[in-house]
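A.B. asks: what follows is a predicted structure for the sequence shown.
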Amino acid sequence: MPRPANKEQLLEQGQRMHDALLAFIDDLPPDTREAEFPPGTLNRNIRDVLAHLDHWHGLMLDWYAVGMKGGRPDMPAKGYTWKTTPELNQAIRDLHGKEPLPDVRKRFEVSYRQVRKLIKSHTDEELFEKKRYRWTGSTSLGAYLVSATSSHYDWALKLIRKAMR
């Protein structure tokens, strides 16, 4: 899947991967949707995966809110560095581990729409010009949004497919 290079591609790929992910989940028998994955993955079931995606949407939205006001967001999250992302992901799993799948899915859908709304509010230049915003460093806002959407949904779909074999 080629990396989106403009707003239209970012929205289209995000929508396509989002829809593919949820269609795959919806096609599973209901008891399988709640089943534990084989050992060896941090996210132990579909709920964990959707909670992970939702939480990272929230992180992205928080970075954006702080960054666009001129602040320096805690990236990836307060108390974590990019090198300690595995520990952050563990904390995310632990935080959401008792929530019912339908609740997590609804929250994922809400945060997905919020991220799409953010994308739609920007021009191609605002999304994909590197170093345009101080808080994004040497990259572009769009690069962060690709990571929070289409590429993350692709990762999730691959993980769930592998676990369901």
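C.D. replies: Happy to help now that I have it.

A.B. asks: in the lengthiest helix in the chain, what counts as buried?
C.D. replies: Longest helix in the chain, counting residues (DSSP state H): helix 46-68. For helix 46-68, burial by neighbour count (16 or more other CB atoms under 10 Å) applies to 46-61, 63-64, 67. Where C-beta positions appear, they are placed from N, C-alpha and C, glycine not excepted.

A.B. asks: can you name the next helix or strand after that helix?
C.D. replies: Moving toward the C-terminus from helix 46-68, the next helix or strand (DSSP states H and E) is helix 85-96.

A.B. asks: keeping just the C-alphas, turn whichever helix or strand comes after that following helix into PDB.
C.D. replies: On the C-terminal side of helix 85-96, the nearest following helix or strand under DSSP H and E is helix 101-120. C-alpha atoms of helix 101-120 as PDB (Å, rounded to 0.1, in the frame of the first residue of the first chain):
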ATOM      1  CA  LEU A 101     -15.700  -5.000  23.100                       C
ATOM      2  CA  PRO A 102     -18.900  -3.100  22.000                       C
ATOM      3  CA  ASP A 103     -18.000  -0.100  24.200                       C
ATOM      4  CA  VAL A 104     -14.400   0.000  22.900                       C
ATOM      5  CA  ARG A 105     -15.600  -0.300  19.300                       C
ATOM      6  CA  LYS A 106     -18.000   2.600  19.700                       C
ATOM      7  CA  ARG A 107     -15.200   4.700  21.200                       C
ATOM      8  CA  PHE A 108     -12.900   3.700  18.300                       C
ATOM      9  CA  GLU A 109     -15.600   4.900  15.800                       C
ATOM     10  CA  VAL A 110     -16.000   8.300  17.600                       C
ATOM     11  CA  SER A 111     -12.200   8.900  17.700                       C
ATOM     12  CA  TYR A 112     -11.900   7.800  14.100                       C
ATOM     13  CA  ARG A 113     -14.500  10.400  13.000                       C
ATOM     14  CA  GLN A 114     -12.700  13.000  15.000                       C
ATOM     15  CA  VAL A 115      -9.400  12.300  13.300                       C
ATOM     16  CA  ARG A 116     -11.100  12.400   9.900                       C
ATOM     17  CA  LYS A 117     -12.600  15.700  10.700                       C
ATOM     18  CA  LEU A 118      -9.200  17.000  11.700                       C
ATOM     19  CA  ILE A 119      -7.800  15.800   8.300                       C
ATOM     20  CA  LYS A 120     -10.600  17.400   6.400                       C
END
